[in-house]
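K.L.:
whatever this is, show me its structure:
(2 chains)
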Amino acid sequence: MKTLVLGIGNPILSDDGVGMRVAMELKSRLGKGYFEVKWASIEGLSTLDEIAGYERLILIDSIKTGKGKPGDVCKLSLRDLNFASHLSSSHGVDFATAVELGKRVGYKIPEIIEIYAIEVEDNTTFGECCTKKVETRLPEIVDEIMEVIKCA
Amino acid sequence: MRRITIDPITRLEGHGKIEIFLNDAGNVDRAFFQVPELRGFEKFCEGRAVEEMPRITSRICGVCPTAHHMAATKALDDLFQVEPTPPARKIRELMYSAFVIEDHMLHFFFLGAPDFIVGLDAPASQRNILGVISQVGLEIGKKIIEGRKRCREILKLIGGKPVCPVCGLPGGVSKALKEEDRAGIKESANYLIEVAQLALKLFDDRVIKNKKYLDLISGDVYKHRTYYMGLVDAQNRVNFYDGNVRVIDPDGEEFVKFNGHDYLSHIEEHVEPWSYTKFSSLKAIGWKGFIDGKESGVFRVAPLARLNVADGMATSLAQGAYEKMYDVLGSKPVHNTLAFHWARLIEMLYGAERMLELAEDPELTDPDVRNIPTEAPDEGIGVVEAPRGTLIHHYKTDERGILTDVNLIVATQNNAAAICMSVERAAKLLINHGEVSDRLLNMVEMAFRAYDPCLACATHSLPGKMPLEIKIRNKDGEVIKTLRR
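P.N.:
Numbers count the residues shown, from 1 in each chain, chains lettered A, B, ... in the order given. Predicted coordinates:
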């Protein structure tokens, strides 16, 4: 199955970049072959350009719910992103809407989409490193995601 | 591993906020619009080589990376006292046109059209791009996506990447265009002219010819008599990339025209205790509060402001559309906030026509794309028109080009006072006797959506867009209704 692991984030906004950091680490561990691993500072429609043509997508991104501990990993499906239908408030396009739009206009969207959201502490302060709480948990975050994506 | 679901009632931290305070009678006393703050940018930049700024600043906004890249590149030209070569200038403007076209197109179809084409009375779940496509047909949806793809291809060709470009250098760009690139750019420009005309026709058919919407656009709920600001060329026509900053007063008279280098003499910033946002106002008048009129220093930027400050458009089709808008709305300047949507489409058409002009320019593929700087750096200011309005970058360095001071005035900051005023005015006129329906709240949101303010959009965290929370409080300050979108 043609699989893409995609880490999303902003590398100069502290924990916001954690998805990219995890993807970079996964790339060095997974090596070439079964998985293709990429990372990017993109959102919404731009994500479509990256994921089109793959059969399985593993998306790694940050989230800030304020619940749970920084570094906790949550698994979501596309269906869990119910935000999609309430688009009309800001100028971003959320991932779920982008995927639905992509399907309608003929993009080949992966049949399997798994989303791993990493709880973060600070995604609004400029900085090239994650916060200490997230940084120290990075190895176990990578282990955890590695485990589930290899088992699936 | 925990499983979670994100829905409209999931509270995510870091979100835009509208707070509406009702009085004894259940009418609106005050309304506030707040956006979250991204912190520490100046400190992050200080001590870095100034040449990094076009690549750093392109990451501070998720939707305007090219605008920041270009303002930063122009600030470097100024700082190193070097002009870009004519071919480099044309390449920059071509890339910038592609960026503005894409941004305007997506704003209209994703944010403006849901209210007008799907309709104010439609359920919130349908007021989105998918609802728009259901209304206008899949073929138009495909054209929008194809138009976006073509803009992205030009951005990638020139900028090196489709987002966060890396081509801008002091005195030029990093790469020349090849002759074999020209045909594709021309074809895309013609395609985008068609899409812009299609969008304007849709706006005409579905909005202007619909009395209910025309009344809404030209009515009092979404109206403020303010000053306007925008870049103009030597003939006072709209220009996104370069020119002088022109300001007109609420009667349409030129108030001042200045070189962007002198912005500190004309723009001042005001701080309020309840908001992280700094509010720009005209220095010559001063901050008089959140009020409109000639006595207030509040001004507006972005598409409608640019058209208001200009004497016309620099391309023929856009000029025709410009004349039609002022003819239909009956005066100039137009003070009606919802007309920002119309102006945006006129600018999209101008951008596409300008793209075609540049694609046909023989000099576009000239390999002379760089003047090498020879002067010691000191201080530089770069100004462009971002899709959301006038954007200013100001850097100071030591003699080695290491940053010592950074000041950015972003478009949303220039519109911030007007956005707050627009939200409050709409809330006051629409919400009466404590009756707060989702439909009315959506109409309050329309007041700020027209400006498309930047909501800390550098973050890429899930769900992929900044949540917005609306709270209605009674006379005792208790929350009586909360909506999250």
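K.L.:
just the strands in chain A please.
P.N.:
A:3-8, A:35-40, A:56-63, A:73-76, A:112-119 (DSSP state E).
K.L.:
got it, and the stretch 301-450 of chain B?
P.N.:
Ranges of strands in the stretch 301-450 of chain B, per DSSP state E, counting those that start in this stretch, are B:379-386, B:389-397, B:403-409.
K.L.:
right, and those strands - which one's nearest chain A?
P.N.:
Closest to chain A of these, according to Cβ to the nearest Cβ: strand B:403-409, at 11.1 Å. The way it works is simple: take the backbone N, C-alpha and C, and place the C-beta from them, glycine included.
K.L.:
other SSEs contacting the closest one?
P.N.:
helix B:41-45, helix B:53-57, strand B:389-397 (3 or more Cβ pairs under 8 Å, 6 or more residues apart in numbering or on different chains; DSSP states H and E).
K.L.:
need the CA coordinates for it. PDB is fine.
P.N.:
Once non-C-alpha atoms are left out, strand B:403-409 reads as follows in PDB (Å, rounded to 0.1, in the frame of the first residue of the first chain):
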ATOM      1  CA  LEU B 403      19.300  42.800  13.000                       C
ATOM      2  CA  THR B 404      19.000  45.100  15.900                       C
ATOM      3  CA  ASP B 405      15.400  46.200  15.500                       C
ATOM      4  CA  VAL B 406      12.300  44.900  13.700                       C
ATOM      5  CA  ASN B 407       8.900  46.600  13.300                       C
ATOM      6  CA  LEU B 408       6.100  45.100  11.200                       C
ATOM      7  CA  ILE B 409       2.800  46.800  10.600                       C
END
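K.L.:
angle of that strand against strand B:389-397?
P.N.:
Strand B:403-409 and strand B:389-397 are oriented at 170 degrees to each other (axes from the mean of the first three to the mean of the last three Cα atoms, to 10 degrees).
K.L.:
strand B:403-409 to strand B:379-386, inter-axis angle?
P.N.:
Using the same axes, to 10 degrees, strand B:403-409 lies at 30 degrees relative to strand B:379-386.
K.L.:
still on that earlier bit, out of the strands of chain A, which gets nearest to B:Lys428?
P.N.:
For B:Lys428, the closest of the strands of chain A is strand A:56-63, at 36.1 Å, according to Cβ to Cβ.
K.L.:
tell me how many other residues crowd the closest residue to B:His224 other than its chain neighbours.
P.N.:
With sequence-adjacent residues excluded and distances taken as Cβ to Cβ, 6 or more residues apart in numbering or on different chains, B:His224 is closest to B:Asp292, at 4.3 Å. Using other Cβ atoms under 10 Å in any protein chain shown, B:Asp292 has 21 other residues around it.
K.L.:
likewise the one 3 residues further on?
P.N.:
Applying the criterion other Cβ under 10 Å, we find 10 residues in the vicinity of B:Glu295.
K.L.:
thought it was touching B:Gly286?
P.N.:
No - the pair B:Glu295 / B:Gly286 is not scored as a contact, 9.7 Å apart, by Cβ atoms under 8 Å.
K.L.:
of all residues in chain A, which one is nearest the centre?
P.N.:
Closest to where the C-alpha atoms of chain A average out (Cα atoms, centre = their mean) is A:Ile60, at 2.3 Å.
K.L.:
doesn't A:Gly17 make contact with that one?
P.N.:
No - using Cβ under 8 Å, A:Ile60 makes no contact with A:Gly17, being 11.2 Å away.
K.L.:
need the residues of the stretch 101-250 of chain B near chain A, please.
P.N.:
B:106-107, B:110-111, B:114-115, B:124-130, B:133, B:138, B:141-142, B:145, B:148, B:152, B:162-164 (Cβ under 8 Å from any Cβ of the partner chain).
K.L.:
CA atoms only: put the one helix or strand B:Ile18 maps to into PDB for me.
P.N.:
In the assignment (DSSP states H and E), B:Ile18 maps to strand B:16-22. The C-alpha atoms that make up strand B:16-22 are tabulated as PDB, following Å, rounded to 0.1, in the frame of the first residue of the first chain:
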ATOM      1  CA  GLY B  16     -10.600  34.500  17.900                       C
ATOM      2  CA  LYS B  17     -13.300  35.900  20.100                       C
ATOM      3  CA  ILE B  18     -16.300  38.200  19.700                       C
ATOM      4  CA  GLU B  19     -17.800  39.300  23.000                       C
ATOM      5  CA  ILE B  20     -21.200  41.000  23.000                       C
ATOM      6  CA  PHE B  21     -22.400  42.800  26.100                       C
ATOM      7  CA  LEU B  22     -26.200  43.400  26.400                       C
END
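K.L.:
elements contacting it?
P.N.:
Counting contacts by 3+ Cβ pairs under 8 Å, 6+ apart, strand B:16-22 is packed against strand B:28-34, helix B:438-449, strand B:468-473.
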